[in-house]
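Novice: Sequence and predicted structure, then a few things I'm wondering about:
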Amino acid sequence: MTIVYTVLPSAGQGLGCFSNAQIPAGTLILSETPLFNVHEPRTNAAVLNAFSALPVHDQEYYLTLYAQKATARDAKVIDIFNSNAWQTGSRTSICPLAARFNHSCVPNASFAWNSRLSKITVHAIVAIPANTEINLSYERPYQIGRERRKKLSAYGFVCACVACGIDAEASDVRRARMVVLDARIRSQRRQLWRSPMPKPELELVRLLKEEGIVGEALGLAYHDAAAGWRKHGRLDLAARYAVRELEVCIICFGLDSPAVDTSRAFLLELKELLARNVHLVVDGA
Ligand SMILES: C[S@@+](CC[C@H](N)C(=O)[O-])C[C@H]1O[C@@H](n2cnc3c(N)ncnc32)[C@H](O)[C@@H]1O
């Protein structure tokens, strides 16, 4: 794999990962096998046991990762785990290379667990200019700034990204609305359809784009929009949104990801229905 970034000091953020040259959207920036992992829900004892089972040189490597406080060894092992671990399926894992990426609420790269490869991946989700910090999001996007700050305080920092800084007011309006729309989309699944179009789904797509969130959340929103159009009997538009979902999935997860297979199967199902000229019975019609 070509090395496309360098770990360098990042102002006020410890170390961070910076692009060596322009990185096109969809580029695989990193794939890495976890050093170790623990099952969730985890205990401190489980983390300490997993750490103790590592060869000495891996323990030394682990202890070079960022820790919030300089403390005695067991406490430091836990501190490092809490500050650097990522969710990988039903486990939480330490990936020392991925652990160097700092957070942004509007990230330019996407972290994923590829269960087929048993590796984590990091993909560029926009074109990243040269000498630019590559950021991942440690948090779910559908939260206003106050909620994100509370969660991120566990990592010992206050985020100063565009959504937390210069654009905070407008961002909070958008994200508060996203929370409402997301809840509405989930609950509407059991309701009758009165609108001629999947309005909440389409508004969510628009808001995510306005907010600059173009990763996994946008892919899921496209999926919901496709499913919404299918419920409204518009297979042509459903297929159009499913194509967008697949494009985002490939960018975020890579062609070898099972998530891409699932997304492609959804699109094919819609295309087959379209080809057979199936007329769907619209709920409530
Ligand atoms: C997973 S590590 C990231 C790499 C770390 N900066 C290092 O030096 O190894 C997480 C820690 O990085 C710092 N960090 C991450 N994102 C940050 C941000 N947006 N602003 C300030 N500090 C951040 C915090 O100290 C956080 O606990």
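Specialist: Thanks, I have the structure now. Numbering: from 1, shown residues only.
Novice: What pLDDT is listed against residue 108?
Specialist: Residue 108 carries a pLDDT value of 98.
Novice: Against residue 197, how distant is the residue of the stretch 1-150 of the chain found nearest the ligand?
Specialist: Of all residues in the stretch 1-150 of the chain, residue 14 sits closest to the ligand, at 2.7 Å by C-beta to the nearest ligand atom. C-beta here means a position set from N, CA and C on the backbone, and glycine is covered the same way. Going from residue 14 to residue 197 by C-beta to C-beta, to the nearest Å gives 47 Å.
Novice: you'd agree residue 271 is in a helix?
Specialist: Yes: checked against DSSP: H, G, I helix; E, B strand; the rest coil, residue 271 lies within a helix.
Novice: my read: it touches residue 240, true?
Specialist: No: Residue 271 lies out of contact with residue 240 (C-beta atoms under 8 Å); the separation is 10.9 Å.
Novice: my guess is residue 174 meets residue 213, correct?
Specialist: No: Residue 174 lies out of contact with residue 213 (C-beta under 8 Å); the separation is 9.3 Å.
Novice: quick one, which of the two is more surrounded?
Specialist: Neighbours were counted for residue 174 and for residue 213 using other C-beta atoms under 10 Å; residue 213 has more, 23 against 18.
Novice: mind showing which ranges of the stretch 101-250 of the chain have poor pLDDT?
Specialist: 189-193 (pLDDT under 70).
Novice: Please report how far the residue lying closest to residue 188 once chain neighbours are set aside lies from residue 231.
Specialist: In space, and not counting its chain neighbours, residue 188 is closest to residue 200: 6.9 Å by C-beta to C-beta, 6 or more residues apart in numbering. Using C-beta to C-beta, we find residue 200 at a distance of 12 Å from residue 231.
Novice: With residue 18 instead?
Specialist: Relative to residue 231, and taking C-beta to C-beta, residue 18 is found at 45 Å.
Novice: re the thing from before, check the burial of the residue nearest to residue 188 by counting its neighbours.
Specialist: Per other C-beta under 10 Å, the neighbour tally for residue 200 reads 22.
Novice: hmm, who's touching the helix or strand hosting it?
Specialist: Assigned by DSSP states H and E, residue 200 belongs to helix 199-211. The contact list for helix 199-211, computed with C-beta atoms under 8 Å, 6 or more residues apart in numbering, reads 106, 141, 163, 171, 174-175, 177-178, 181-182, 184-185, 188, 214, 217-218, 221-222, 224-225, 227-228.
Novice: The residues you listed in helices, which ones?
Specialist: The helices, defined by DSSP state H, take in 171, 174-175, 177-178, 181-182, 184-185, 188, 217-218, 221-222, 224-225, 227-228 from the contacts of helix 199-211.
Novice: From the residues you listed, keep the buried residues only.
Specialist: Applying 16 or more other C-beta atoms under 10 Å to the ones in helices among the contacts of helix 199-211, the neighbour count classes 171, 174-175, 178, 181-182, 185, 188, 217-218, 221-222, 224-225, 227-228 as buried.
Novice: How about the secondary structure of residue 121?
Specialist: Going by three-state DSSP: residue 121 is strand.
Novice: Quick check, it in contact with residue 253.
Specialist: Yes: Residue 121 is in contact with residue 253 according to C-beta under 8 Å; the separation is 6.8 Å.
Novice: So which of these two has more stuff around it?
Specialist: residue 253 (25 against 22).
Novice: pLDDT wise, what is that one at?
Specialist: For residue 253, the predicted pLDDT is 98.
Novice: these two touch, right, it and residue 122?
Specialist: No: checked against C-beta under 8 Å, the pair residue 253 and residue 122 is beyond contact range at 10.7 Å.
Novice: Show me the common contact partners of these two, please.
Specialist: 110, 112.
Novice: Need the max-distance pair from the buried ones among the ones in helices among the contacts of helix 199-211.
Specialist: Between any two of those, the greatest separation by C-beta to C-beta is 26.9 Å, found for 171 and 227.
Novice: re the thing from before, what residues do residue 121 and residue 253 have in common as contacts?
Specialist: 112, 114.
Novice: all helices for the stretch 1-150 of the chain, in order.
Specialist: Counting by DSSP state H, counting those that start in this stretch, the segments of the stretch 1-150 of the chain that form helices are 44-52, 56-62, 73-84, 145-152.
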